[in-house]
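Visitor: I would like to see how this sequence folds:
(4 chains, ligands or ions: 4)
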2 protein chains.
Amino acid sequence: MSDLLGRLRTRGWRLTAQRRVVAEVLDGDHIHLTADEVHARAVRRLPEISRATVYNTLGELVNLGEVAEVSTDHRAKRYDPNAHRPHHHLLCARCGAIRDVHPVGDPLADLPESERFGFSVSEVELTYRGVCPDCAA
Amino acid sequence: MSDLLGRLRTRGWRLTAQRRVVAEVLDGDHIHLTADEVHARAVRRLPEISRATVYNTLGELVNLGEVAEVSTDHRAKRYDPNAHRPHHHLLCARCGAIRDVHPVGDPLADLPESERFGFSVSEVELTYRGVCPDCAA
DNA sequence: TACTTGACTTGGACTTCGTCCATTGTAGGA
DNA sequence: TCCTACAATGGACGAAGTCCAAGTCAAGTA
Ligand SMILES: [Mn+2]
Ligand SMILES: [Mn+2]
Ligand SMILES: [Zn+2]
Ligand SMILES: [Zn+2]
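Guide: Numbers count the residues shown, from 1 in each chain, chains lettered A, B, ... in the order given. Ligands and ions are numbered 1, 2, ... in the order given. So this is what the prediction gives:
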């Protein structure tokens, strides 16, 4: 996320207060906020920012490959600024906590040709579920 | 899915026309319908069946472990009658086609202890994405 | 600095997916 | 056949997200 704004400027992005705030809110590790959570935090810094703008900006960041969409539960999408180093997710079935994880090996290699049905397979998403230490206590 | 209705009856399920129709609609291989698709097909056999009943019945089947909920895209949940033999999914990014797949190896074993953050991990969901033969042509 | 303009933002209407609930109907046992 | 607890209904409601016409403004130009 470090020099996100610089990278975006060179791509012709118009730098507005709203976009700056959305980028700031997304900064950090193990960040997986919903659009409404992003909006709530953005409003603290820029009270007049609209929900529509947050959705627009998140969508653009996803298209540019700067942010990844994550579907953990069947609820709202979550937005992950850690899009540059590929990773997977571990989540707590009780409280919804999410951690970035890096399994060993390549799950793509585990899908034999006979199980590909003629598809050209390019991507794999892996979600581990369990109970976190806090919820187990 | 074979003797689903029999199994449900022994569990004290009241056997109604609506539930029978929902079960019939879900019968088959590589079936991953949304609730509204289930409703549309059910209506053909039982015109007065309501959306609420379809949702209720699907929810019950999921709780009983007879049907699995699958979240492929970020849209509607899909209902998978193939809940008894565990499997994963391969889907086409263009047309949304979904196939059941069985990767080799155990993805659970690929998550080292150091990447578990104290969680007790019990479940793993694996989704492959690509382009199906029809869409590639 | 002031001007200009196309890109950006806004709020509210709208859509989709799903839940909830009061009322009505009925499966299955007595 | 009758009873009644469980199930079905449809319409209101809610959450998440999209769309649009109108207003605003970033940044290039002079
Ligand atoms: Mn992540
Ligand atoms: Mn399946
Ligand atoms: Zn937890
Ligand atoms: Zn396809």
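Visitor: for the longest strand belonging to chain A, what is the average pLDDT?
Guide: Assignment by DSSP state E gives strand A:120-131 as the longest strand of chain A. Confidence for strand A:120-131, expressed as mean pLDDT, is 96.
Visitor: same check on stretch A:12-29?
Guide: Mean predicted lDDT for stretch A:12-29 stands at 95.
Visitor: do that stretch and chain B come into contact?
Guide: No. On the criterion CB under 8 Å from any CB of the partner chain, stretch A:12-29 is out of touch with chain B, staying 12.6 Å away. The C-beta positions use only the backbone N, C-alpha and C, and glycine is treated the same way.
Visitor: endpoint to endpoint, that stretch covers what distance?
Guide: Stretch A:12-29 stretches 27 Å from its first residue to its last (CA to CA, to the nearest Å).
Visitor: just give the nearest non-adjacent residue to the residue nearest the centre of chain A, would you?
Guide: Centroid-nearest residue in chain A, with CA atoms, centre = their mean: A:D80, separated by 1.9 Å. Nearest residue to A:D80, sequence neighbours excluded (CB to CB, 6 or more residues apart in numbering or on different chains): A:A68, at 4.4 Å.
Visitor: what about the residue of chain A found nearest ligand 4, how many neighbours?
Guide: Closest residue of chain A to ligand 4, CB to the ion: A:F119 (8.2 Å). Neighbourhood size, A:F119 [other CB atoms under 10 Å in any protein chain shown]: 23.
Visitor: quick one: it from B:A137, how far?
Guide: Note on A:F119: its distance to B:A137, by CB to CB, to the nearest Å, is 12 Å.
Visitor: ok, A:C135 next?
Guide: On the measure of CB to CB, A:C135 and B:A137 end up 48 Å apart.
Visitor: who's more crowded, the two?
Guide: Higher neighbour count among A:C135 and B:A137: A:C135, with 15 against 6, using other CB under 10 Å.
Visitor: right, and the more buried one touches A:C92 too?
Guide: Yes. The criterion here is CB atoms under 8 Å, and A:C135 meets it with A:C92 at 5.7 Å.
Visitor: thinking again about what came up before, residues contacting the residue nearest to A:D80?
Guide: A:V62, A:Y79, A:D80, A:N82, A:A83 (CB atoms under 8 Å, 6 or more residues apart in numbering or on different chains).
Visitor: check what pLDDT the last one gets.
Guide: When you say that, I think you mean A:A83. 95.
Visitor: and the first one, by the same measure?
Guide: pLDDT, the model's per-residue confidence, is 96 for A:V62.
Visitor: so it: helix, strand or coil?
Guide: Reduced to three states with DSSP: H, G, I helix; E, B strand; the rest coil, the structure at A:V62 is helix.
Visitor: need the contact list for it.
Guide: Here A:V62 is in contact with A:A68, A:E69, A:Y79 (criterion: CB under 8 Å, 6+ apart).
Visitor: distance of the first one relative to chain B?
Guide: Computed with CB to the nearest CB, to the nearest Å, the distance linking A:A68 and chain B is 12 Å.
Visitor: tell me the domain ranges of chain A?
Guide: The record's domain parsing of chain A by automatic domain parsing lists A:4-80, A:88-136.
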